[in-house]
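Enquirer: I would like the atomic coordinates for the input below:
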Amino acid sequence: MGGAGEIGKNMTAVEYAGAIVVVDAGLMFPENDMLGVDIVIPDIAYLLERRDQVRGIIITHGHEDHIGALPYVLPRLNVPIYATTLTRGLIEVKLKPHKLLKDATLHTIQTRETIALDPFTIETFHVSHSVPDGIGLAITTPVGTIVHSGDFKFDPSPVDGQLTDFAKLAELGGRGVLALFSDSTNADSPGHTPSEETITESFARVFAMAEGRVIVATFASNISRIQQVIDTAARFNRQVVIVGRSMQDNVKMAIELGYLRVPDGALIRADQMHQYAANGIVIVCTGGQGEPTSALVRMANHDHRQVTLTPGDTVILSATAIPGNEELINKTLDNLFRAGAIVYYDQLMDVHVSGHASREEQKLMINLLRPKYFIPIHGEYRHLVLHARLAQALGIPADNVFVVENGAVIEFDDHGNARLAH
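Expert: Presented below is the predicted three-dimensional model:
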């Protein structure tokens with residue numbers, strides 16, 4: 001229902017005998033020709049026609065392309081939501097401004113937990129990503145087990161210290177997997193995705209060189225990256241200022257739930273910055289995608305009410321351009337340079353690493369699970385094709401690999417045979 005042939009608005013429905021479980025409900029940024037459109041969400045008409053059959057929505061992690069549609073879906077399809085602790089916290093922060101929290105049915109789940117939503121049995125397993133508390137799902141149906149990888153990578157040193165659950169993946173592979181739906185985002189990237197640890201080293205180099213303020217732009221939900229900024233700030237004796245409502249709300253929630261570790265006195269308000277020297281400040285804000293209303297873009301345009309960029313400021317864009325956002329990001333970069341800032345972005349230094357598996361890790365996921373059928377998801381069409389070819393190179397027959405786009409239906413019969421329904 002979303003995320004197949006595109007980056008964003010991820011949503012998948014699994015249906016058996018009149019019962020449906022949904023995985024994720026994300027949004028996508030508009031393409032350049034979508035004038036006047038702020039966000040794009042999945043078409044849920046199929047679910048609305050069968051609303052009594054939907055057992056719930058299971059969320060794999062707290063990024064916008066997986067939870068961002070919930071404020072628009074829930075008023076029309078008010079079904080239970082299942083999410084891990086931090087993901088639930090991010091969902092609550094998102095639903096609150098829409099006044100939807102009171103009526104939402106939210107269930108907290110843990111990794112390695114089993115959820116029974118008749119006739120489905122759903123097992124969760126931890127996956128490393130660029131936000132803590134990410135999970136993949138093993139959905140056992142009467143005709144076999146379907147594994148949804150979630151967004152994953154095999155990071156040997158993740159910020160939260162939680163490795164992808166090799167043991168559970170191997171156990172599932174030993175039991176038998178009917179079909180694997182797997183993250184394809186980096187199917188055109190050879191080797192392994194660099195560890196989040198490389199960011200820590202890059203941040204330290206930038207902080208050591210910076211003579212004025214350091215401003216780091218990232219996603220408001222990128223809790224792991226915010227942790228790295230806080231840790232580096234403490235190392236270089238800088239106070240941390242969180243700018244932007246969504247960023248502030250997420251940071252507050254993550255601290256309360258224990259997902260952000262902040263030294264006493266490390267966080268200060270924006271109106272306290274004048275009490276400190278410029279080289280004693282780091283600002284964390286949104287705007288890594290050049291979003292027009294984000295804090296960084298307003299700073300770059302000299303219309304932010306709390307922060308005015310000055311020559312000598314160092315700006316780090318810790319994000320990879322989402323397809324379609326390149327023009328906005330380039331415009332923001334130009335404005336930052338015009339303001340006299342020293343700017344670092346991924347083409348100049350390793351200030352961001354992907355949260356998604358590269359080809360060698362994608363191979364490992366396939367080899368651990370050894371599925372009968374393979375369906376690449378979460379990627380533009382070229383990523384899906386490249387991931388499909390990878391699966392075939394590992395021995396999955398071409399007839400058992402389905403490259404599909406949004407709206408496709410794959411049917412499995414009682415004998416575990418699959419076909420593309422028309």
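Enquirer: can we go C-alpha only for contacts and neighbour counts from here?
Expert: Fine.
Enquirer: In the stretch 201-350 of the chain, where is pLDDT below threshold?
Expert: 321, 323-324 (pLDDT under 70).
Enquirer: residues touching Ala138, list them.
Expert: Shown in contact with Ala138 (C-alpha atoms under 8 Å, 6 or more residues apart in numbering): 122-124, 145-148, 172.
Enquirer: right, I mislabeled it, should have said Gly173
Expert: 368-371.
Enquirer: Leaving out the residues flanking it, which one is nearest to the residue nearest the centre of the chain?
Expert: With distances taken as C-alpha atoms, centre = their mean, the residue of the chain nearest its centroid is His63 (3.7 Å). Take His63 and drop its neighbours on the chain: the residue closest to it by C-alpha to C-alpha, 6 or more residues apart in numbering is Ser221, 6.1 Å away.
Enquirer: try Asp249
Expert: Val93 (6.6 Å).
Enquirer: Give me the subset of the contacts of Gly173 lying in strands.
Expert: Judged by DSSP state E, strands contain none of the contacts of Gly173.
Enquirer: Turn the residues you listed into CSV, columns for neighbour count and pLDDT.
Expert: Listed next are these as CSV, based on neighbours: other C-alpha atoms under 10 Å; pLDDT from 0 to 100:
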residue, neighbour count, pLDDT
Leu368, 17, 98
Leu369, 22, 98
Arg370, 25, 98
Pro371, 24, 98
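Enquirer: Turn those into JSON lines, including distance to Val251.
Expert: Shown next, in JSON lines, are the contacts of Gly173 (distance: C-alpha to C-alpha, whole Å):
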{"residue": "Leu368", "distance to Val251": "35"}
{"residue": "Leu369", "distance to Val251": "36"}
{"residue": "Arg370", "distance to Val251": "39"}
{"residue": "Pro371", "distance to Val251": "39"}
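Enquirer: If I follow the layout properly, Ser3 ends up in contact with Met11?
Expert: Check again: residue 3 is Gly, not Ser. Yes: under the criterion of C-alpha atoms under 8 Å, Gly3 makes contact with Met11 at 6.6 Å.
Enquirer: re the thing from before, which of the contacts of Ala138 lies closest to Thr87?
Expert: Among the contacts of Ala138, Thr124 lies closest to Thr87 (C-alpha to C-alpha), at 13.7 Å.
Enquirer: Where does the residue nearest to Asp249 sit, in terms of helix or strand?
Expert: Following DSSP states H and E, one finds Val93 within helix 85-95.
Enquirer: The residue nearest to Asp249: what's it in contact with?
Expert: Val93 is in contact with 249-250, 253, counting by C-alpha under 8 Å, 6+ apart.
Enquirer: Would you state the strands of the stretch 151-300 of the chain in chain order?
Expert: Counting by DSSP state E, counting those that start in this stretch, the stretch 151-300 of the chain has these strands, from start to end: 179-183, 214-217, 239-242, 267-268, 281-285.
Enquirer: Columns neighbour count and distance to Ile57 on top of the contacts of Val93, output as TSV?
Expert: What follows is the contacts of Val93, written out as TSV (neighbours: other C-alpha atoms under 10 Å; distance: C-alpha to C-alpha, whole Å):
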residue	neighbour count	distance to Ile57
Asp249	17	24
Asn250	22	22
Met253	18	22
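Enquirer: and of the residues you listed, the nearest to Leu106?
Expert: For the contacts of Val93, the nearest to Leu106 is Met253 (16.1 Å; C-alpha to C-alpha).
Enquirer: okay, now the nearest residue to that closest one once chain neighbours are set aside: neighbour count?
Expert: What sits nearest to Met253 in space, not counting adjacent residues and going by C-alpha to C-alpha, 6+ apart, is Gly89, at 6.5 Å. Other residues lying near Gly89 total 20 when counted by other C-alpha atoms under 10 Å.
Enquirer: Gly89 and Ile255 touch, don't they?
Expert: No: Gly89 is beyond contact range of Ile255, at 10.7 Å (criterion: C-alpha under 8 Å).
Enquirer: Now stretch 306-320 - C-alpha only, CSV.
Expert: C-alpha atoms of stretch 306-320 as CSV (Å, rounded to 0.1, in the frame of the first residue of the first chain):
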residue,chain,number,x,y,z
GLN,A,306,15.9,32.9,18.4
VAL,A,307,19.0,32.1,16.3
THR,A,308,20.7,34.4,13.8
LEU,A,309,23.5,32.8,11.8
THR,A,310,26.8,34.7,11.9
PRO,A,311,30.1,34.2,10.2
GLY,A,312,32.1,31.6,12.2
ASP,A,313,29.2,29.4,12.9
THR,A,314,29.7,25.8,11.9
VAL,A,315,26.7,23.9,10.5
ILE,A,316,26.5,20.1,10.1
LEU,A,317,23.7,18.6,7.9
SER,A,318,23.5,15.1,9.4
ALA,A,319,21.1,13.6,6.8
THR,A,320,21.0,12.1,3.4
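Enquirer: Report the buried residues of it.
Expert: For stretch 306-320, a neighbour-count test (16 or more other C-alpha atoms under 10 Å) marks 307, 309-310, 312-320 as buried.
Enquirer: can you list the domain ranges for this protein.
Expert: Split into domains by automatic domain parsing, the chain comes to 4-191+354-421, 197-344.
Enquirer: before we move on, back to that, please report the distance of the residue nearest to Asp249 from Ile67.
Expert: Remark: distance between Val93 and Ile67 (C-alpha to C-alpha, to the nearest Å) = 11 Å.
Enquirer: Then Lys252?
Expert: Applying C-alpha to C-alpha, the value for Lys252 to Ile67 is 19 Å.
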